[in-house]
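# coords below, sequence missing:
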């Protein structure tokens, strides 16, 4: 990663951290246990990729409004999915980013409600912070709600849960990735773009950026999973390690997965170039996501 | 209940049932298990009080837009709270309205995700169905999101869970009822009123109707619980039966609870009269809620 990209990312990350702190209810707000749990999970760090995509997209063209509340809203949405995914009835994960998961740090009821509250808070933030620009608020809310609903994000999660431990075909894998991961990444980009009062054509280009970026993101994750587990287990890479796991590497082999990742990266960059505007940072972000394996 | 009120209620209930059927994704929508679960819980019946309050409030003054999508949205929100409340980590209820609760009919992961999906769908409906009137959409979303967030509905639920089995004081009981039940009833009324392009003063009157109606609703529930359990258990009413339960009857005795219910009913009616407009149906609804004990 070049020096100026690294600096820009760290600067935006800090802006997002500060906005999270400023925009979430303080931990002492009644009921304090609930607000402590919301902050615990929101302040757990992470790369803040979705908020940074909102900011990057909002800077393509001149804009008068501050995208930070929208950036925090999408992070609230993303964080609720992590809290609920970690619950015993789904992934039963004790750890999240090296710390106890929300239900291990608090309890299951609190984690369930903290997830519900962060999901709701995403829409509170958008409705309240952009109240004076109702057309912008409504567009942001439509993008976020549609991307995270039963046919997209939650639908992808449902199919993932239902196929746990089963061999799945390429089409099902595509459905899971496109929806569980891709939908929210695309929403981050289109939400950011709404700050520039975009034409329908620009929105279409941005959806294409989001689709290919989301696919890259997921395939790269699968490749990193396969190669790191191979190191740990001392087995050859891209072999049987993922036989019963639904990954690109299991379905297409490691070489096939690399080829797919590179194809989607190129398509995302082409769509970002078609957007025009101040797209250099956005293109750098796409390259960074793919460079994790190259 | 007089004949014409009964007929009106049944007519609105039918409109709401039809709108639920028309506006929810069909059960075969991928992933079908998730959409079946959403419909299973939404089609479980119930009195549809919140949607009917939306409709009643929308008819106070002339309005051009159809309130049915908003009525369905608030029922989606209410239904998600029931699904999540029934989960093992909260109330662990096997039954809901005489049928298996969502996690008993499907499984815990599906119920968790169906609840998340209905919560999200409430905002999808409002953003998509009122897209052409962004100021209306934004106002509806703000009311629903703020009423159901961490400081209101979910906050009330959190305090309720945390005080389970403990003796609680009158102030905590008021916090739980005002937020867990009252906030969403008030939102139903103010959301309906937004269809009439109301003045800030009208909104204030409506919030007062909602507050007192919500208190009446909850106190009446407590009285019915106490009297029906007394009948079942053959014990005197309003005595020790609720010693460790957080109810108005436990705190104020049965006579005190009746007096409180009647006081709130009168205040709700006074506020509904101050609203003006075509408020006869709204006043009948308030009287109906209180008449369950009189």
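Yes, it's here. Note that the coordinates shown come from a computational prediction; the quantities given were computed from them, not determined experimentally. Residues are numbered from 1 along each chain as shown, chains lettered A, B, ... in the order given.

# correct me, but residue A:271 touches residue A:209?
Yes - under the contact definition of Cβ atoms under 8 Å, residue A:271 touches residue A:209, with a separation of 4.4 Å. (C-beta placed from N, C-alpha, C; glycine too.)

# more neighbours, these two?
Regarding residue A:271 and residue A:209, a neighbour count based on other Cβ atoms under 10 Å in any protein chain shown identifies residue A:209 as having more, with 31 against 22.

# hang on, the more buried one packs against residue A:273?
No - contact criterion Cβ under 8 Å: residue A:209 and residue A:273 do not qualify, at 9.6 Å.

# so what's residue A:268 up against?
For residue A:268, the contacting residues are A:208, A:209, A:212, A:213, A:216, A:286, taking Cβ atoms under 8 Å, 6 or more residues apart in numbering or on different chains as the criterion.

# phi first, then psi, for the first one.
So that's residue A:208. When read as degrees, to the nearest 10, the backbone of residue A:208 gives phi -70, psi -40.

# chain B versus the closest residue to it other than its chain neighbours, what's the distance?
Across the structure, with Cβ to Cβ, 6 or more residues apart in numbering or on different chains as the measure, the residue nearest residue A:208 apart from its sequence neighbours is residue A:271 (3.9 Å). For residue A:271, the distance to chain B (Cβ to the nearest Cβ, to the nearest Å) stands at 25 Å.

# near chain B, which residues of the stretch 151-294 of chain A show up?
Within the stretch 151-294 of chain A, the residues that sit near chain B (Cβ under 8 Å from any Cβ of the partner chain) are A:151, A:154, A:155, A:157, A:158, A:159, A:161, A:162, A:175.

# swap the cut-off to 10 Å and go again
Within the stretch 151-294 of chain A, the positions adjacent to chain B are A:151-162, A:164, A:175-176, A:179 by Cβ under 10 Å from any Cβ of the partner chain.

# can I have the buried ones of those as a ChimeraX selection?
The buried residues among these can be selected in ChimeraX (16 or more other Cβ atoms under 10 Å in any protein chain shown) with this line:
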select /A:151,152,153,154,155,156,157,158,159,160,161,162,175,176,179
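
# residues contacting residue A:122?
By Cβ atoms under 10 Å, 6 or more residues apart in numbering or on different chains, the residues touching residue A:122 are A:70, A:72-80, A:140-141, A:144-145, A:148, B:120, B:123, B:145.

# please apply the same query to residue A:125.
Residue A:125 makes contact with A:19, A:23-24, A:68-74, A:76-77, A:137, A:140-141, B:145, B:149, according to Cβ under 10 Å, 6+ apart.

# out of those, which sit inside strands?
Among these, the subset assigned to strands under DSSP state E is empty.

# show the buried residues in these.
Taking 16+ other Cβ under 10 Å as the criterion, what is buried in the contacts of residue A:125 is A:19, A:23-24, A:68-74, A:76-77, A:137, A:140-141, B:145, B:149.

# next step: those restricted to helices.
Secondary structure assignment by DSSP state H places A:19, A:23, A:68-74, A:76-77, A:137, A:140-141, B:145 of those in helices.

# can you list the buried residues in the helix or strand of chain A with the lowest mean pLDDT?
Of the helices and strands making up chain A, the lowest-confidence element is helix A:200-233, at a mean of 86, by mean pLDDT, DSSP states H and E. By 16+ other Cβ under 10 Å, the buried positions in helix A:200-233 come out as A:202-203, A:205-223, A:225-227, A:230.
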